[in-house]
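**Q** Here is a sequence together with a model predicted from it:
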Amino acid sequence: MSIKIGKKTYAERIQDGIDNAFMRQAVSSAQGRFRSGRLKAAEDLGDWEEWRTLGEEIRHHTMENLDYYLYQLSEQVEKRGGTVFFAKTAEEANQYVQKIAREKEAKKVVKSKSMVTEEIGLNEALEESGCEVVESDLGEWILQLDEDPPSHIVTPALHKNKEQIRETFAEKKGYTGSDQPEELAAFAREQLRQDFLSADIGVTGCNFAVAESGAVTLVTNEGNARMVTSLPDTQISVMGMERIVPTWEDLEVVVSLLTRAAVGQKLTSYITALTGTKLEGEVDGPEEFHLVIVDNGRSKILGTEFQSALHCIRCAACINACPVYRHVGGHSYGSIYPGPIGAVLTPLLDGYEDHKDLPYASTLCAACTEACPVKIPLHEHLIRHREIIVEREQMGSKAEAVMMKGYAKWASTSAAYKLSTKMAHTALKPWTEDDYISNGPGPLKGWTASRDFPAPARQSFRNWYKQREKRRNDG
Amino acid sequence: MTIHHREHFLNEIAEQLGRPRRTEVEPPVYSVQPQDRVLAGARADELVDVLEKQCEVIHTNLEKATVETLPEVLRKVLNAYGVRSVVAAGGPRNQVSGMDEFYDRLSGEGYEVRVWDEQEGRSNVEFAERAGAGIVFSDLTLAESGTVALFNDRFNGRSISLLPETFIAIVPKSTLVPRMTQAGRLIHAEESKGNPVSSCVSFVTGPSNSADIEMNLIVGVHGPVKATYIVVDDM
């Protein structure tokens, strides 16, 4: 996989999403639960706005000094017996991991959930070099068996129902039980336990590295990340280069924000901070540790007006707050990073060419910005993306370009504007019923396909205002 | 070579940030510190109350004991779970707390008991894989979130608190702190003094769980399915 998923167009993906009744219902109920969980956790903690400010300050300070902290991190990892590989591109990162797998003659690689390895397509690279790759997060395992991409960054299989999951388990793994979630999970536990015990290499992502000590911190609930880092002899952790904090004091703050904003938990079941290789006398834990630090387009965001997009701590609070995500679901974005943060990040990491529609997948209601625990101004970034797309890149849709040009000419000519606002009511009359247009012509069609458009008033605002002024002056 | 391609990578970052490479950074002073106010000034007993309440949220059973009653309480817990095989962390605390004798007694009664022993190597892990319960001491206990922090080491293998179906943590009351803030601070202070952090710090909050299937909470996925904390007075 890479950032981009599937070959369908934006419009086709949206239509698929809208037609998927189960997914829409699941997303809407999940959003409700995530949202109330987040709000309650914030209220229980108290001073949430101060916490957000602190989170923002920590992230800002870290990005401003990123070269320093990455240097410190790599020194510490080396001191603790680990190897660090700085990868400029996805290919470089994959080639390095492939090289380790070859050296270890690895047959089986077991993974815990990681968005960055999805982004760089690590599974495919490892499979190419002959390794069996097993995803061990329950949601990721379901998706792997079904060859389906994630639709949410915290609960990746949100779009699937338990009946579909039962069928997948039955078809791919010979499962004969019911579709009770507990029974399905118990089956996964039993199946994957053998994989943990027999894997040659464990691969993890990284929620936050800690520069001062060289730790890689994983925030999880299922316990699979602990298995991946306790049982195989070799551990490879892959991190986006911005996923770092200076100290353990900072770690504590961003973790407190992450677990609350993501799932409304005070802490998840496991926060695991792993540093280097196992020490002398220790029985479990890796003998060999590799940290792969990935750029893959991130450095180009530094020093730009979009820098705060790198502050993201991947909690998905913006996704859970977004009314557009609610209706179209994760796959509609065509990116492994969906929702508002995905619409901001994807064009930055992968270019506007394939993702120029994403900044428009927003109502600009700013619910995302309000939900963000580190105060990323997401909706403002989306507006800026739109400006860039329309003005500089000249990649806005042709219809829009023509329309905008026409509009500019029309609106700047006072007489023409006046005339057409006067005309609108009469011109649209054939499609109007009870002051609403439900099946409009031309540009109105996209709008009225899913909702009604209020018919233009008999009297334009300008006219009404002028007459009101006149009445007042006269009176 | 253990660090690859660093210079070019970091130079590019500095260049993007529009300044030369930084080799020194003053520790920042942030404008707010809300973390200091959470449970500020709470006494040990109050922290136990907070922990007890949080245990209901995280599907964890909480028992209270003194050093004298600890073996009795532990036995009651094991019996309630129907557990006959136990893997336990080793180290000096077993002696201080009388756990050594207790484990000997259990062995004498036909329980299968393994106290983690590095000399036995990988067989510790194999034992843990089929043990009914894993028993550890909490190194630091975070009242707010109901978390036991384990500094895994040669005595406290990672597998003990991970592979068995039941997780039992002995929580000396003196290990209680308000929240993760204090843990972060302690590790930061030790690092600054040149005492490197444990190779694996596990913050464990109740049994493992997942909400990956239709957002239903499933308690017990890859890690333990059941959890009990035993808070021990004056230890």
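**A** Alright, I've got the coordinates.

**Q** Tell me the residue of chain B that sits nearest chain A?
**A** Taking C-beta to the nearest C-beta, chain A has its nearest neighbour within chain B at residue B:223, 2.5 Å off. Every C-beta, even on glycine, is put in place using the N, C-alpha and C of the backbone.

**Q** which ones are touching that residue?
**A** Taking C-beta atoms under 8 Å, 6 or more residues apart in numbering or on different chains as the definition of contact, the neighbours of residue B:223 are A:222-223, A:226-227, A:269-270, B:162, B:167, B:207-208.

**Q** Which of the helices or strands spans it?
**A** Assigned by DSSP states H and E, residue B:223 belongs to no helix or strand.

**Q** Next, it: phi, psi?
**A** Backbone dihedrals for residue B:223, given as degrees, to the nearest 10, come out at phi -90, psi -160.

**Q** Which pLDDT value belongs to it?
**A** pLDDT recorded at residue B:223 is 95.

**Q** Let me see the domain layout of chain A.
**A** As given by automatic domain parsing, the domain ranges for chain A are A:44-156+A:196-300, A:414-474.

**Q** Compare these and report which one is nearest to residue B:121.
**A** Each of the domains of chain A was scored for nearness to residue B:121 using C-beta to C-beta, and the closest is domain A:44-156+A:196-300 (6.1 Å).

**Q** tally of neighbours for the residue in chain A positioned nearest to chain B?
**A** Distance from chain B to each residue of chain A (C-beta to the nearest C-beta) is smallest for residue A:223, at 2.5 Å. Summarising burial for residue A:223: neighbours were counted as other C-beta atoms under 10 Å in any protein chain shown, giving 31.

**Q** Model confidence at it, what's the number?
**A** Residue-level confidence at residue A:223 comes out at 93, pLDDT.

**Q** before we move on, what about residue A:405?
**A** 66.

**Q** and what of residue A:400?
**A** Per-residue confidence for residue A:400 comes out at a pLDDT of 63.

**Q** For the residue nearest to the residue of chain B closest to chain A when sequence neighbours are not counted, which residues are in contact?
**A** What sits nearest to residue B:223 in space, not counting adjacent residues and going by C-beta to C-beta, 6 or more residues apart in numbering or on different chains, is residue A:223, at 2.5 Å. Residues in contact with residue A:223 (C-beta under 8 Å, 6+ apart) are A:269-270, B:162, B:208, B:221-224.

**Q** Among the residues you listed, which one lies nearest to residue A:349?
**A** Closest to residue A:349, out of all of the contacts of residue A:223 and judged by C-beta to C-beta, is residue A:270, at 28.7 Å.

**Q** check contacts around the closest one.
**A** For residue A:270, the set of contacting residues under the criterion of C-beta under 8 Å, 6+ apart consists of A:218-221, A:223, A:225-226, B:202-205, B:208, B:223.

**Q** residue ranges with poor pLDDT in the chain?
**A** Picking chain A for this. Counting by pLDDT under 70, chain A has low-confidence residues at A:1, A:393-412, A:416-417, A:419-422, A:431, A:438-453, A:475.

**Q** meant chain B, my bad for not saying
**A** In the predicted model of chain B, residues B:235 satisfy pLDDT under 70.

**Q** Which stretches in it count as strands?
**A** With DSSP state E, the ranges of strands along chain B come out as B:3-4, B:61-65, B:85-88, B:112-115, B:133-137, B:140-142, B:147-152, B:166-172, B:176-177, B:200-204, B:209-210, B:218-219, B:226-232.

**Q** can you list contacts of the top helix by length along chain A?
**A** With DSSP state H setting the assignment, residue counts place helix A:21-45 as the longest helix in chain A. Taking contacts as C-beta under 8 Å, 6+ apart, the residues outside helix A:21-45 that touch it are A:17-18, A:48, A:51, A:151-152, A:155, A:158-159, A:161, A:256, A:259-266, A:316-317, A:320-321, A:325-327, A:329-330, A:371, B:38, B:214-215.
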